[in-house]
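Undergrad: could you look at this predicted model? Sequence included:
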Amino acid sequence: MQKIVKSLILGQKAFMVTIAILTLLSSLTMITVLTAYQANVSQYQTAYRTHKLPDILVKQDTQQDVAADLKGLKNVKNVSSVPNIITQVEGKDKQNIALLLSDDTTRVNVQAPSDHEVILASYLESTGNFKRGDTIHIGNKNLIVKGFYEDQLLGSPLFKYKQGIVSQTTFNTLVAQKGSQMTQMAFVDLVKKPKNADNLLSDYHNRLKADLIYDKAYIQKAYTMLPTIVALVIILAAIFLFGICQFVIRFALVSGIAKDRKKIATFKTLGMSGRQVKLAYVSAFLLSNMAGLFVAILASFWTSNVAFIFFWHLNGFTSVKHIPLNIVVVLAITLLMLGLSMIIILLSLKETGNISPASAFQDGQSKSKQGKFNFDLTKNSLPLQIGIAFKDYVQKIGHYMTFTLVIGLFVFLSLMIATLNQGFKGHVDSLFGLPKVDVVMRTPDHTIRGEALQQINTLTSIKSSGYIQETKIVLKDEVIPVHRYSTIPYEMKVLSGHTPKNQQELLLSSNLIKTLKLKVGQKVHIKTQLSDNTEMTIVGTYQTINNLGKEAYSLVDLDLPMNNTYINLKSTDQKDKLLTGFHRDKVQLTDTSASSKSLITTIQTAVKLLASIISILTLVISGLFVYLVSYLTIETEKRQLALKKMLGFTNVQLKVQYLFRAGFALALGIGLSLILDRFIGSFLLNGLVDLGGLTQFTVQLPLSYDIAIILLLVVESSLIVISASRRITKIKIGYFL
Amino acid sequence: MTEKSIIQVKNLSKRYDNNNQILEGIDLEIFESTFTVIMGPSGAGKSTLLQNISTMDQPTSGQVVFEAQDLTKLSDKALSRFRRKEIGFIFQSFNLIEHLSVLENVCLPGFLLKSKSKKQVIQRAKDLLTGLGLGDHANQAINHLSGGQKQRVAIARSLINQPKILFADEPTGALDSTSGIEVLDNLTLNNQNGQTIVMVTHDLKAALRADRILFIKDGQIYGDRIFTPYDASQLKARRSEVEAWLLEMGW
Ligand SMILES: Nc1ncnc2c1ncn2[C@@H]1O[C@H](COP(=O)(O)OP(=O)(O)OP(=O)(O)O)[C@@H](O)[C@H]1O
Ligand SMILES: [Mg+2]
């Protein structure tokens, strides 16, 4: 028995190694990603507990403490309110940064700074705005940056609140200064977690003025959004890899059994039962499976930490943590892998039962079947080389189909990731549902706005500008932020229906219409700051960044002040010059892309990295497969090759035949991938993107990408086939005939 | 009969990798339109000799000259062309390509040579098959044929390009006597039409077809004798003559 296992393993060394490597790669990836992802989620939950984070956070722009008001509400157990000052500081490249200052050190783990010091959120360090020792001017004070802290609450990739902590004395001085803007952060704990956090504030009289910054579920989503997308893509790739591993197992077994027919027959003649033969195969193949798994588990101690750190960085944190191996994940993956492999092995082994010694010895080769559809060399006008290659291809279709499927699936994956990459490259604004606006200007009143616009126009030509109103409405007991643009700044992506045409029309974000269970065309009653009951019609849905939250777009409340002006410049290159060169009292210019820029860059980097990994994997795996298939077909066809040489085929001709055969398989695989890409690609991608909380995806991969991927594969495969077929030259006719 | 030499073997030696010296300093000429049979004890090197003459294998040293060309020095391309055009080969185990039909097997070397149009090749293949009694089997799968039929397909294939020499290694070895005789009759008929044949055999019945028998022993040509061309009407006399010589050789 041992001897047989040994002879099997030695006989199919290449396969055993491939299977071990594929098992290693796929299980390592899965264990790593799942462990790291799980750790990322639980890290958030732990942070939530240790930092005693509240159930909800309410922000209200007012001087007064709101704690008492909120405390009186029904479901509220506990409220602590922290006053904050909103100030402007000058960051990198003289950019204005709105900084939220408080003197509260209880929530984050830092020592209170001295009177001439400030501690900043680490986000401000990683974006290169400040470093330790910098001096910043706030009001009439000069403060030295003492250090940085990480805020697990407001530092999430979606918020990245620019915050700072100063001493109590400094804070009081700043508050006392004339014209200081204040806001209250209220940390609220609830008696009972409501199903919908919004309902909590339904009896709060200042409801339309208070911002509900987050509820727990929302912030968890924010924390796990990026890791979720990345993890899903990687896991998808790992599943592909594992699928391929199963293909290889089946391929190895089927071709191995064909090759070992005589050996098996000999074992049977020697009195070995069919079961024992099967057992020999099962143990040989499971052995290489287990070898791969074992190494994967060992390596995952290290890789899951690397992956976790990567996820942690995606969250905007830099502090390094160590995570242990997740036993549940390891066990689940082990069982899954071994179980599936076992099934595949047993299925592939059915064939051995049919091998009788007589049939095996009669003819060394397995009985070749005449193709079902008959392609006759004498009855068509194809060149002989192609004709023969095609016949041989059909003959070995089983081998080549595996190859085709593997190539097909991997090219499909590559195309998908390339599309994803493309989507994050140029169209990020729309992916986040942001209108494409270069800068937003905040002005206290109408006259200043007009003057400021003129001043800007002398600095940099303005292409278009308009006003944005921001307000809130109550719809179905939910407070919903509403935006209104004087004219739509760019083709806002309306998913269904149309943009509002009169004051009674309302556009809701696609997510909101889902969560509120509303329909386009439906009439709804809303509450605004000016009226308690207005009837409006939902005329359509659109995309917005806050797919996680909610937002509406409407023509409501024309009387509200229009403090925000959006500006699009003739040439975007001038933006930085404008932002640094424009100064006017009471006027603030902000770069709208700045806040999402770092998030976008993070995502872009992550997706790009993924795309590269998948492309490399595709090339490696398909290369490996091309080599295996070529190697094996040549190995099993040595006799036929000798025969063809005897008939006068040159070595070059024979090699070309293999090239053609691989070409057929490759073409079919690529065709398959294109079909998959066309029909389920965007569906899968949008599923992914949706899970990540982003809006829909309509990116079309440029044709040049498809061509590049295909060309690369064709060149690679050709080189490998040529290299694998070098052995044809060495085949001696006399030896085989 | 004017005897024109078609292949000259000069001082040919063959040694395998395991250092077994199989053939040693063989000098030999094959003449046009003759039927040469190679005999000898098992393991003497008959197949080795045949393969080395026919370019199926490369001798360790020595020359095989065909039309003033040393075959052992040809490039892969020239060698392939030589195999396509100048020789045919028949094996004990047929060596047909199993997933091709009878007609495809026969046509393949013709298509490969390209000296005739596809149509002409197919026509010649059909004629050959009909001549060999296989006219009705042209489109059958190889697996569906008997051994004798397979061997006749192999003969048709070897003759498709009208080769100068036909090599055969125990073509009757795997056949029953009736099929064997059919195959031999076919070979004889071709020889009578001018086909040069070199055949290795163990079988006395097959050896009788020869007009020259070489006896190989210990890696050398131990005996070389010319006989009158085969004549079915004088089989008995021929049989005793050949048998007597072979016994003398130690057969
Ligand atoms: N590829 C090889 N490598 C090493 N030795 C070989 C090889 N082929 C044949 N031989 C050896 O060369 C010798 C001659 O073999 P060959 O096949 O020419 O004999 P033969 O005369 O045709 O025998 P038979 O009548 O049994 O067919 C044998 O001893 C054989 O073992
Ligand atoms: Mg022999």
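TA: Yep, that arrived. Ligands and ions are numbered 1, 2, ... in the order given.
Undergrad: flag the shaky bits of the stretch 51-200 of chain B, pLDDT-wise.
TA: Low-confidence regions of the stretch 51-200 of chain B, defined here as pLDDT under 70, do not occur.
Undergrad: any idea how many residues pack against residue 228?
TA: Since you didn't name a chain, this refers to chain A. For A:T228, the number of neighbouring residues by other Cβ atoms under 10 Å in any protein chain shown comes to 19. No exception for glycine: its C-beta is placed from N, CA and C like everyone else's.
Undergrad: sorry, I should have been clearer: chain B.
TA: The burial count for B:T228: 10, using other Cβ under 10 Å.
Undergrad: can you tell me the SS state at it?
TA: Secondary structure for B:T228, judged by DSSP: H, G, I helix; E, B strand; the rest coil, is coil.
Undergrad: would you confirm that A:I709 belongs to a helix?
TA: Yes - counting by three-state DSSP, A:I709 is located in a helix.
Undergrad: excluding chain neighbours, what is closest to it?
TA: With Cβ to Cβ, 6 or more residues apart in numbering or on different chains as the measure, A:S414 is the residue that lies nearest to A:I709, at 5.6 Å, once sequence neighbours are left out.
Undergrad: gap between the one you found and B:S5?
TA: Between A:S414 and B:S5 the distance is 64 Å, computed by Cβ to Cβ, to the nearest Å.
Undergrad: neighbour count winner among the two?
TA: A count of neighbours by other Cβ under 10 Å puts A:S414 above the other of A:S414 and B:S5, at 27 against 10.
Undergrad: quick one: secondary structure of that one?
TA: Applying three-state DSSP to A:S414 yields a three-state assignment of helix.
Undergrad: which single residue of chain A approaches chain B most closely?
TA: Evaluated by Cβ to the nearest Cβ, chain A has A:G648 as its residue closest to chain B, separated by 2.9 Å.
Undergrad: dead centre of the chain: give me the residue that sits there.
TA: All of this is about chain A. Central residue check for chain A by Cα atoms, centre = their mean: the C-alpha nearest the mean position is that of A:I229, 2.8 Å away.
Undergrad: chain B was what I was after
TA: Averaging the C-alpha coordinates of chain B gives a centre point, and the residue nearest to it by Cα atoms, centre = their mean is B:F167 (1.7 Å).
Undergrad: so it touches B:L187, yeah?
TA: No - at 11.3 Å, B:F167 does not count as touching B:L187 under the criterion of Cβ atoms under 8 Å.
Undergrad: show me whatever sits in contact with both of the two.
TA: Common contacts of B:F167 and B:L187, defined by Cβ atoms under 8 Å, 6 or more residues apart in numbering or on different chains, comprise B:I197, B:M199.
Undergrad: which regions of the stretch 551-700 of chain A sit below the pLDDT cut-off?
TA: Judged by pLDDT under 70, the stretch 551-700 of chain A has its weakly predicted residues at A:551-552, A:554-562, A:592-600, A:602, A:690-698.
Undergrad: so which residues of it form helices?
TA: Using DSSP state H, counting those that start in this stretch, the helices of the stretch 551-700 of chain A run over residues A:575-581, A:592-636, A:638-647, A:651-676, A:682-691.
Undergrad: on that earlier part again, please identify which helix or strand holds the residue nearest to the centre of chain B.
TA: Secondary-structure element containing B:F167, defined by DSSP states H and E: strand B:165-169.
Undergrad: quick one: the host helix or strand of B:V37 to strand B:165-169, angle?
TA: With the criterion set as DSSP H and E, the secondary-structure element containing B:V37 is strand B:35-39. Angle of strand B:35-39 versus strand B:165-169, following axes from the mean of the first three to the mean of the last three Cα atoms, to 10 degrees, is 30 degrees.
Undergrad: right, and the helix or strand after strand B:35-39?
TA: In the C-terminal direction, the helix or strand that comes right after strand B:35-39 (DSSP H and E) is helix B:46-53.
Undergrad: please compute how far the following helix or strand past that next one lies from its chain's middle.
TA: Beyond helix B:46-53 in the direction of the C-terminus, DSSP H and E gives the next helix or strand as strand B:61-66. Between the centre of strand B:61-66 and the centre of its chain there are 18 Å (Cα atoms, centre = their mean, to the nearest Å).
Undergrad: in CSV, list the helices of the stretch 551-700 of chain A along with distance to A:K146.
TA: As requested, those are arranged in CSV below (distance: least, Cβ to Cβ, whole Å):
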stretch, distance to A:K146
helix A:575-581, 27
helix A:592-636, 23
helix A:638-647, 76
helix A:651-676, 56
helix A:682-691, 40
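Undergrad: tabulate these (JSON lines), appending distance to A:H205 and mean neighbour count.
TA: JSON lines is the format used below for the helices of the stretch 551-700 of chain A (distance: least, Cβ to Cβ, whole Å; neighbours: other Cβ atoms under 10 Å in any protein chain shown):
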{"stretch": "helix A:575-581", "distance to A:H205": "40", "mean neighbour count": "15"}
{"stretch": "helix A:592-636", "distance to A:H205": "31", "mean neighbour count": "19"}
{"stretch": "helix A:638-647", "distance to A:H205": "89", "mean neighbour count": "22"}
{"stretch": "helix A:651-676", "distance to A:H205": "57", "mean neighbour count": "20"}
{"stretch": "helix A:682-691", "distance to A:H205": "37", "mean neighbour count": "16"}
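Undergrad: list the buried residues in stretch A:19-31.
TA: Residues of stretch A:19-31 classed as buried by neighbour count (16 or more other Cβ atoms under 10 Å in any protein chain shown): A:19-31.
Undergrad: list the neighbouring strands of the strand holding B:V37 plus their orientation.
TA: Strand B:35-39 pairs in its sheet with strand B:196-200 (parallel), strand B:212-217 (parallel), by DSSP bridges.
Undergrad: returning to what we had before: give the contact list for the residue nearest to A:I709.
TA: Taking Cβ under 8 Å, 6+ apart as the criterion, A:S414 is in contact with A:I614, A:S615, A:T618, A:I709.
Undergrad: from what I can see the last one touches A:M416, true?
TA: Right, A:I709. No - in this structure, A:I709 is not within contact of A:M416 by Cβ under 8 Å, at 11.1 Å.
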